[in-house]
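Trainee: For reference, the sequence and a predicted model appear below.
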Amino acid sequence: MTALRESALVYPIVMTGHLTGMALFGGMIAITDMRLLGWAMRSSSITDVVEQLRIWKRIGFVMVVGCGALLLGSKAEMYYYNPFYWAKMTLLLLVGVHALAFRSIYGNTAALDNAPRVPSKAKVAACLSLLIWIGLVTAGRSIAYWDIPENLMPIYGTNGPITHHVRP
Amino acid sequence: MMDIQIPYDPATNPLNNNEWSFPLLEIIHIVGFAIAIGSIFMVDLRLIGIGMKRQLSSQLAKDLGPWTLGGLAAVLMSGPLIFSSDPNLYLNNSSFRFKIGALLIAILYQYTLHRKVALSDPTPAVGALVGIVSVALWVSVVAGGLFIAFA
């Protein structure tokens, strides 16, 4: 963790893993949601899209969370005080709640493919999923814009490596 | 590294005069690249032969094309605006230069060789090569973008 905090190279490399995982996890979730809404990949069945992307979404999820945990570990105290970090964790929890609540949708895609049109419950699931993930990105990015409390400044400085935007 | 200075005062840029527009553009940039690169990766997985095998790569390329383009459009609109917040800083940042170079190559590759091969449902060896190059190019664009803030 100390190596991560102090190395000029490791931190952005871990962040690249975090964002590449996001393209796998977030990008594929968005495409799956769009398929449920009938906007994307209509020449493939919902079953084909959901089943074949499942493993890749899981790999993406492990990349995002794994690299995210490393970034967190490198500056745990700073995140602890950051309200946007907790907003992000709450949304992450909602990802789990969403998966449990809509198990009947994602676990039985054959029923969706056989139905004359996609049931509204599946479309609600897709919309909520999109909202949660845009919320996750928003909260995640906002973490860098929250100012560090005065009493922590001597430890971390005002412009620690959490802030990876380049503006002064 | 060649020093570039363009006569532009970022202080007059509206992006630097409120708290929300810069992060909002970054969020659009991230959502856009996740959709663009996520959809490109789906075609690449098929080309490499490790995912989406019930579909043909030509079918995936056709179906996902609009989403790749939409994601790229979001990225290519938010990116230059982010750049405008401090052009001289970005122009003289070696990671930014690397990123733009990689991005131009990646886009050119995506809409020439990658597209042609994906639409032709290639042999496994050709598909794997084209898919792996695509993944490498796009990951290097993401890495270049992240390193802007560090180098």
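Mentor: Yep, that arrived. Residues are numbered from 1 along each chain as shown, chains lettered A, B, ... in the order given.

Trainee: Contact residues of chain A facing chain B?
Mentor: For chain A, the residues in contact with chain B (CB under 8 Å from any CB of the partner chain) are A:8, A:11-13, A:15-16, A:19-20, A:22-24, A:26-28, A:30-31, A:34, A:40-44, A:48, A:52-53, A:55-56, A:134, A:137-138, A:141-142, A:144-145, A:161, A:163-167. Where you see a C-beta, it was placed from the backbone N, CA and C, and this is true even at glycine.

Trainee: hey, which helix or strand in the chain has the poorest pLDDT?
Mentor: The chain I'm using is chain A. One helix or strand of chain A scores below all others by mean pLDDT, DSSP states H and E: helix A:153-156, with a mean of 56.

Trainee: Sorry, I should have been clearer: chain B.
Mentor: In chain B, no helix or strand scores lower on mean pLDDT, DSSP H and E than helix B:87-91, which sits at a mean of 94.

Trainee: Can you list the buried residues in the longest helix along chain A?
Mentor: Looking across chain A with DSSP state H, the single longest helix is helix A:46-74. For helix A:46-74, a neighbour-count test (16 or more other CB atoms under 10 Å in any protein chain shown) marks A:46-50, A:52-53, A:56-57, A:60-61, A:63-64, A:67-68, A:70-72, A:74 as buried.

Trainee: How about the contacts made by the closest residue in space to residue A:92 that isn't next to it in sequence?
Mentor: Leaving aside its sequence neighbours, residue A:92 sits nearest to residue A:136 (CB to CB, 6 or more residues apart in numbering or on different chains; 6.8 Å). The neighbourhood of residue A:136, defined by CB atoms under 8 Å, 6 or more residues apart in numbering or on different chains, consists of A:26, A:88, A:91-92, A:95.

Trainee: Pull up the gap between residue A:136 and residue A:96, please.
Mentor: Plainly put, residue A:136 is 12 Å away from residue A:96 if you go by CB to CB, to the nearest Å.
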